[in-house]
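*Asks:* I would like to see how this sequence folds:
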Amino acid sequence: MKIEKGQIIAEQPVLKVRDFFKRYEQYSVEDAASFFAISKKAASEMCLDLVQLGYSERIHPEQMAHAYKKKIWYDLLPLGRSLRLARAIPSITRPKADQILKDFMARVEAVNNNERYVYKVNKVLLFGSYIRPEIIELNDIDIAVEIISKFNDPESRRRKNDEYTRAAIDSGRRFDDWLDQMFCPERDVRTFLRTNLAISVYTQLTMRF
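*Replies:* Next up, the predicted model:
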């Protein structure tokens, strides 16, 4: 979905609505009032506007737990989830998109050929507007990638992950928690692939970075 910074939805800036949807998969009128710093009445009207525009739908009280039935709740529809992922970026020309893709594939090759990385790109899939040649200007390039370990043996895979993480710690890197540390080898590959490139990259063919 393409959005513009000056765009207004339900009398609110589109970027603010996008950030609201990022925070709340399901939301109440009170959530909207607090997030947008508006009155409960204005929030109620905004929520109704979002329903009419097709971004969300009201949840029937019977579907909510007893403790939440006193509030009016809304759930995002596909259009709302699409807005949640939207980015306000300038359009790019087809030649520029071709160069971005070329640079991306060079990064894929660099990852796969660098012994330092524990993971590699096993599959790359293009989809979205880029694969439609009649579209001259694009918002970005949608790329799905499958990332797998370079080591099939579980013990080798565990040892290489530990060695990579240990090297990162020895170099002065700090992690928020054990999960952050555990996924470091794979996450570093994903970060390297997408850095400074105007692309939307998905991992495992379904998940956005």
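*Asks:* Which strands or helices does the longest helix along the chain pack on?
*Replies:* Secondary structure of the chain per DSSP state H: the longest helix is helix 94-113. If contacts are counted by 3 or more CB pairs under 8 Å, 6 or more residues apart in numbering; DSSP states H and E, helix 94-113 sits against strand 119-127, strand 137-138, strand 141-149, helix 184-194. For the C-beta atoms, the positions are set from N, CA and C on the backbone; glycine is no exception.
*Asks:* Can you flag the weakest of these by average pLDDT?
*Replies:* Comparing mean pLDDT across these, the lowest value falls on strand 137-138: a mean of 78.
*Asks:* Give the pairing partners of that strand; include direction for each.
*Replies:* Strand 137-138 pairs in its sheet with strand 92-93 (antiparallel), by DSSP bridges.
*Asks:* contact partners of the strand it pairs with?
*Replies:* Ile100, Ile136, Glu137, Leu138, Asn139, Asp140, Ala198 (CB atoms under 8 Å, 6 or more residues apart in numbering).
*Asks:* got JSON lines for the helices and strands packed on helix 94-113, with mean neighbour count too?
*Replies:* Below are the helices and strands packed on helix 94-113 laid out as JSON lines (neighbours: other CB atoms under 10 Å):
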{"stretch": "strand 119-127", "mean neighbour count": "15"}
{"stretch": "strand 137-138", "mean neighbour count": "16"}
{"stretch": "strand 141-149", "mean neighbour count": "19"}
{"stretch": "helix 184-194", "mean neighbour count": "18"}
